[in-house]
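**Student:** got a predicted structure plus its sequence, pasted below:
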Amino acid sequence: MPLYKIEELPKSGLIEGYTAQFIHTQSATYSHVTVVAGAHLPVHHHVHEQVSYVISGEFELTVDGKPYRLVAGQVFVIPSNTPHSGLAITDCFLLDVFTPRREDYVAKGGVLI
């Protein structure tokens with residue numbers, strides 16, 4: 001089984017203030033995201049189910065127009081095709097898991113297993 005250290009994975013800029021490190025399996029994408037305080041993620045949606053886990057920091061996630069203030073240790077599940085956006089209240093480290101695998105993120109790099 002492959003063993004990786006997050007800090008050794010290649011980094012990819014997503015949008016201003018959001019940098020990701022990816023691990024892609026056959027059925028999922030694991031996106032380790034570093035976010036700078038104040039960085040905004042515009043409203044968007046995708047076919048992928050998304051599980052967002054706040055590892056550190058405080059992040060405001062707005063899902064279907066309703067804001068949720070998430071802190072370290074909290075997890076939020078975003079259903080497929082649901083509009084959502086985000087705002088980093090502090091510097092954050094997040095883990096976003098997408099199923100099925102995000103081919104657009106595979107194109108950005110990372111580890112493909």
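**Tutor:** Everything's here; your move. Numbers count the residues shown, from 1 in each chain.
**Student:** helices of the protein, residue ranges please.
**Tutor:** Taking DSSP state H, the helices of the chain run over residues 103-106.
**Student:** check it and tell me which residue is nearest its centre.
**Tutor:** residue 96 (3.4 Å; C-alpha atoms, centre = their mean).
**Student:** okay, and the beta partners of that one?
**Tutor:** Bridge pairing for residue 96 (DSSP bridges) gives the partners residue 31, residue 52.
**Student:** any idea how far it is from residue 67?
**Tutor:** 18 Å (C-beta to C-beta, to the nearest Å). (Glycine included, C-beta is placed from N, CA and C.)
**Student:** same question, residue 22
**Tutor:** If you go by C-beta to C-beta, the gap between residue 22 and residue 67 works out to 27 Å.
**Student:** neighbour count winner among those two?
**Tutor:** Applying other C-beta atoms under 10 Å to residue 22 and residue 67 shows that residue 22 carries more neighbours, namely 24 against 11.
**Student:** low-confidence regions, the chain specifically.
**Tutor:** For the chain, applying pLDDT under 70 flags the ranges 1.
**Student:** all strands for it, in order.
**Tutor:** In the chain, the strands defined using DSSP state E lie at 12-15, 18-24, 29-35, 40-44, 49-56, 58-63, 66-71, 75-78, 84-88, 92-99, 111-112.
**Student:** including distance to residue 3, could the ones you listed go into a markdown table?
**Tutor:** Below are these laid out as a markdown table (distance: least, C-beta to C-beta, whole Å):
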| stretch | distance to residue 3 |
| --- | --- |
| strand 12-15 | 21 |
| strand 18-24 | 11 |
| strand 29-35 | 14 |
| strand 40-44 | 31 |
| strand 49-56 | 19 |
| strand 58-63 | 28 |
| strand 66-71 | 29 |
| strand 75-78 | 24 |
| strand 84-88 | 30 |
| strand 92-99 | 17 |
| strand 111-112 | 11 |
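**Student:** quick one, what contacts residue 102?
**Tutor:** 24, 29, 31, 46, 48 (C-beta atoms under 8 Å, 6 or more residues apart in numbering).
**Student:** great, nothing more from me.
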